[in-house]
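Novice: sequence first, then the predicted structure:
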Amino acid sequence: MSEPPIRPHSPDGSVLQQRPEKKPRLESSLRASPDNKMLNSDNTTQHGSVNNLEADTGLVIQQATAATKVKNTSRKNKSKHKRMVPEPYTTEFVVARDAALLLGKESVDRASADATDWNAPFEPREEVELVVSCLSSTGDSLSLAPSPRKPWVVVTPLALPGERIRVRVYRHARLYSYADLLEVITPNADWRDMTRVQCKYFGKCAGCQYQMLSYDRQLDLKRNVVVKAYENFSGLSPSSIPVVRSTIASPLQYGYRTKITPHFDAPPKKAQKAAVKPTVDSMDRPDWLRIGFNRIGTRQVMDIEECPIATPILNETLGPLRERITANIYTYKKGVSLLLRDSLEPPPSETQGEPPASFANADSLSVALDKHVCITDHKGSVRERVGDKVFKYTAGSFFQNNNSVLVPLTSYVRDAIFQSSTSSISSSLRPTHLVDAYCGSGLFAITLAPHFDKVTGIELSEDSIRCATHSAELNHLPPKKCTFMAGDASNIFATVQGFPRDQTALIIDPPRKGTDEKFIDQLLQFKCATVVYVSCNVHTQARDIGMILRKSEMMEGQRYVLESLVGFDLFPQTAHVESVAVLRLV
Ligand SMILES: C[S@@+](CC[C@H](N)C(=O)[O-])C[C@H]1O[C@@H](n2cnc3c(N)ncnc32)[C@H](O)[C@@H]1O
């Protein structure tokens, strides 16, 4: 089967795409995050506050009501609608909240009262013209259904505010429907410039959403995502939320991604049977074979031979790797997710099989600074430099995927710890101890260690802890200054009881699902002077910060205040934003 015909860009710069049939699915809630982790979905029990938050803000609570109503209908409908209720803090949850906000509380309440909130005003696969109202925090556009239809939102990728678009609706949820963009009839000339697009798959591949925008515009949009997350998900009063700073740019806006994970499906059964030999000549590439990334809104793999946001060495490696896979495709019985990770070339002592010097130091690694290699083995070793520090970690484990922004990020966190913007830190209370919770391979602990007397990190992955400990050695950080332990983040508080609390800073950098109440309760008992919360999901961060601030109101004498908020652009050309929140004990 060949690719469906696709015309990526019309002469006037509008985006045109023809969509293949979709599998029934929960597209957005299963959408991969920029670092290709599936979005999390399990916070309801640990944060019993999800429902309280909904009650506070008044809109999404209606969704739970509707889902409950659905329970009383037929079994078929029940399962169908149940699938549509988004898990808290997933992409779909955020879209649902944004759609409800666009409709307004009155419309939402009316639709709930009439029990019409699941009845979309569209025929199956209907084509309609819309005018885009705004962007959701997911990067998708939101438009109101044209009158005389009832109040309803249409979620469409790749369209911009003010644009007149033609779409085809394909799936419905509560009070909103998803649609494919067929045509941009009237582009937003201030925002859209298709000559900026650097990837021929833009508009089809699910990876990027913003290549048609100026970089300044992308940064503004990301700032707004942080603003909205705290307005809608923290449950905090506006007076407790500082003005969100301008998003900090990535030095590289293309060629920055140090890890990509293209994938491919196993040969279809029929093709396997028909294959006369296990290998394929390069001229004989089967047309069902696609090695690449998912098509927007589907789990269909697109054949992609180059990704302009990936680093040069990853693209140089992708071509030959694709050829090797193609030649041996019939030997694969299952689909495969490949790993390509950018690494500094190993020092000669390691490549020549000599045992590495026990303290092979940062300087010896710097010899290889300019030469990059691509690691494709999940268990292989990756070397990466951040400022004057070097890291060695396992290719399959977590490490931030945009090296160019890591010096600005770690420097910002360091400055936030040492320079309070709202109160002066007296020299007698200068931070001397650092706790790095969810430390991964030790990025923050190791880069910031020179500024502290003692640093300790905790992380669930034993392999990452082994790598962090080794990287500390590589950077001449002795164990009495820098230690790492494997375990649940909340265990850290038992081991740092000897740290002077008013001179201790805590960094939290959890996965997308955020931290948990057990961790927050212990943090509040520990009462360190500064908390810096780094997050790849600003919505769970807002929820957690809201909880920390509210609970800290009940502490005697002191409480935490949210001193600053800023987004970092770790993934240019995408809608993703990393968020850094600084809390101070006052
Ligand atoms: C977003 S990464 C941050 C890693 C590191 N701070 C960095 O920037 O490279 C989150 C890390 O938290 C770890 N993790 C997840 N759940 C954890 C838990 N309950 N306790 C400790 N670490 C956990 C993951 O293994 C992952 O390495």
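Specialist: Done, it's in. Residues are numbered from 1 along each chain as shown.
Novice: quickly find the element holding Leu549.
Specialist: Assessed by DSSP states H and E, Leu549 sits inside helix 538-552.
Novice: okay, now the domains of this protein?
Specialist: Per the record, the chain has its domains at 28-213, 238-252+402-585, 262-336, by automatic domain parsing.
Novice: re the thing from before, next helix or strand past the helix holding Leu549?
Specialist: strand 560-568.
Novice: now Cys216, what's its secondary structure?
Specialist: Careful, residue 216 is Asp; it's not Cys. helix (DSSP: H, G, I helix; E, B strand; the rest coil).
Novice: tell me, how many neighbours does it end up with?
Specialist: Neighbour count of Asp216, defined by other Cβ atoms under 10 Å: 11. The way it works is simple: take the backbone N, C-alpha and C, and place the C-beta from them, glycine included.
Novice: and if you look at the one 5 residues further on?
Specialist: Neighbouring residues of Leu221 were enumerated by other Cβ under 10 Å; the total is 22.
Novice: and if you look at Thr469?
Specialist: Using other Cβ under 10 Å, the number of residues around Thr469 comes to 19.
Novice: low pLDDT regions in the stretch 1-150 of the chain?
Specialist: 1-84 (pLDDT under 70).
Novice: return the residues of it in contact with the ligand.
Specialist: By the rule Cβ under 6 Å from any ligand atom, no part of the stretch 1-150 of the chain lies against the ligand.
Novice: what about the strands in the stretch 401-550 of the chain?
Specialist: 433-437, 454-459, 482-486, 504-508, 530-535 (DSSP state E, counting those that start in this stretch).
Novice: is the fourth one positioned near the ligand?
Specialist: No: using Cβ under 6 Å from any ligand atom, we find that strand 504-508 stays clear of the ligand, coming within 7.3 Å at best.
Novice: centre of the chain to stretch 181-192, how far?
Specialist: 26 Å (Cα atoms, centre = their mean, to the nearest Å).
Novice: start and end of it, how far apart?
Specialist: End-to-end distance of stretch 181-192: 15 Å, with Cα to Cα, to the nearest Å as the criterion.
Novice: list the buried residues in it.
Specialist: The neighbour-count check on stretch 181-192 (16 or more other Cβ atoms under 10 Å) flags 181-184, 187-188, 191-192 as buried.
Novice: now render those residues as JSON lines, adding distance to the ligand and pLDDT.
Specialist: Below are the buried residues of stretch 181-192 laid out as JSON lines (distance: Cβ to the nearest ligand atom, whole Å; pLDDT from 0 to 100):
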{"residue": "Leu181", "distance to the ligand": "32", "pLDDT": "97"}
{"residue": "Leu182", "distance to the ligand": "37", "pLDDT": "97"}
{"residue": "Glu183", "distance to the ligand": "39", "pLDDT": "97"}
{"residue": "Val184", "distance to the ligand": "36", "pLDDT": "98"}
{"residue": "Pro187", "distance to the ligand": "37", "pLDDT": "98"}
{"residue": "Asn188", "distance to the ligand": "34", "pLDDT": "98"}
{"residue": "Trp191", "distance to the ligand": "31", "pLDDT": "98"}
{"residue": "Arg192", "distance to the ligand": "33", "pLDDT": "98"}
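Novice: which pLDDT value goes with the residue of the stretch 301-450 of the chain found nearest the ligand?
Specialist: Nearest residue of the stretch 301-450 of the chain to the ligand, counting by Cβ to the nearest ligand atom: Gly440, 2.7 Å away. We have a pLDDT of 98 for Gly440.
Novice: next one: Ile425
Specialist: We have a pLDDT of 65 for Ile425.
Novice: can you pull the residues of the stretch 201-350 of the chain lying near the ligand?
Specialist: Close to the ligand, as judged by Cβ under 6 Å from any ligand atom, the stretch 201-350 of the chain has no residues.
Novice: one step back: now mean neighbour count and mean pLDDT too, for the strands of the stretch 401-550 of the chain, in a markdown table please.
Specialist: Output for these, formatted as a markdown table (neighbours: other Cβ atoms under 10 Å; pLDDT from 0 to 100):
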| stretch | mean neighbour count | mean pLDDT |
| --- | --- | --- |
| strand 433-437 | 27 | 98 |
| strand 454-459 | 25 | 97 |
| strand 482-486 | 20 | 97 |
| strand 504-508 | 25 | 98 |
| strand 530-535 | 24 | 98 |
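Novice: looking at those strands, which is nearest to Arg149?
Specialist: Among the strands of the stretch 401-550 of the chain, the nearest to Arg149 by Cβ to Cβ is strand 530-535 (37.7 Å).
Novice: one step back: report the two of the buried residues of stretch 181-192 separated the most.
Specialist: It's Leu182 and Trp191 that sit farthest apart of those, by Cβ to Cβ, at 19.4 Å.
Novice: ok so, going back, in strands, which of the buried residues of stretch 181-192 appear?
Specialist: Among the buried residues of stretch 181-192, DSSP state E puts 181-184 in strands.
Novice: show the end-to-end separation of stretch 545-563, please.
Specialist: 11 Å.
Novice: buried residues, that stretch. List them.
Specialist: Those would be 545-552, 559-560, 562-563, for stretch 545-563 by 16+ other Cβ under 10 Å.
Novice: between those residues, which sits nearest Asn537?
Specialist: Ile545 (12.2 Å).
Novice: picking that back up, and the helix holding Leu549, what does it pack against?
Specialist: Using 3 or more Cβ pairs under 8 Å, 6 or more residues apart in numbering; DSSP states H and E, the elements in contact with helix 538-552 are helix 49-57, helix 215-233, helix 517-526, strand 530-535, strand 560-568, strand 578-585.
Novice: the shortest one pairs with which strands?
Specialist: In its sheet, strand 530-535 lies beside strand 504-508 (parallel), strand 578-585 (antiparallel), with partners assigned from DSSP bridges.
Novice: among those strands, which comes closest to Pro161?
Specialist: Taking Cβ to Cβ, strand 578-585 is the member of the strands paired with strand 530-535 nearest to Pro161, at 22.5 Å.
Novice: average model confidence for that closest one?
Specialist: Strand 578-585 shows a mean pLDDT of 97.
Novice: ditto for stretch 197-212
Specialist: Averaged across stretch 197-212, pLDDT comes to 97.
Novice: would you mark the buried spots in that stretch?
Specialist: Buried, per 16+ other Cβ under 10 Å, within stretch 197-212: 197, 199, 201-212.
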